[in-house]
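Peer 1: pasting a predicted model and its sequence here:
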Amino acid sequence: MNDATQQEVFEIIARQAKIDVAAVKPESTLKDLGIASLEAIELIFDIEEHFNITFPDQQGANFDSDTASSLVEAVQKALDDKAAGEGNHG
């Protein structure tokens with residue numbers, strides 16, 4: 001897992017939850033962090049915008065069980081897919 005990606009995702013989560021980024025642990029669920037479902041939708045938009053990626057629709061966040069690290073993994077996968085899709089032109 002890319003540490004820089006994790007750090008950026010955690011910072012976005014912390015900003016959305018209005019908490020210190022140090023309080024975001026890989027095993028923290030969105031619910032643990034006090035992010036309600038509406039805020040989580042905003043969070044997903046923020047992450048997509050920040051990384052210029054799009055999550056597959058079926059990957060709707062599950063607030064009770066989705067952890068910060070699972071979100072990082074989803075971002076990493078989207079970045080990898082994007083890189084693979086773009087090929088090597090540039």
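Peer 2: Looks like it came in fine.

Peer 1: where in this structure is pLDDT low?
Peer 2: Residue ranges of the chain with pLDDT under 70: 1, 57-64, 87-90.

Peer 1: which stretches in it count as strands?
Peer 2: With DSSP state E as the definition, the chain shows no strands.

Peer 1: helices of that one, start to end?
Peer 2: Taking DSSP state H as the test, the helices found in the chain are 3-17, 37-51, 68-86.

Peer 1: show me what the second one is packed up against.
Peer 2: Okay, so that is helix 37-51. On a contact count with 3 or more CB pairs under 8 Å, 6 or more residues apart in numbering; DSSP states H and E, helix 37-51 meets helix 3-17, helix 68-86. C-betas here are computed from N, CA, C, even on glycine.

Peer 1: so which of those helices gets nearest His50?
Peer 2: Of all the helices and strands packed on helix 37-51, it is helix 3-17 that lies closest to His50, at 6.1 Å by CB to CB.

Peer 1: good, wrapping up.
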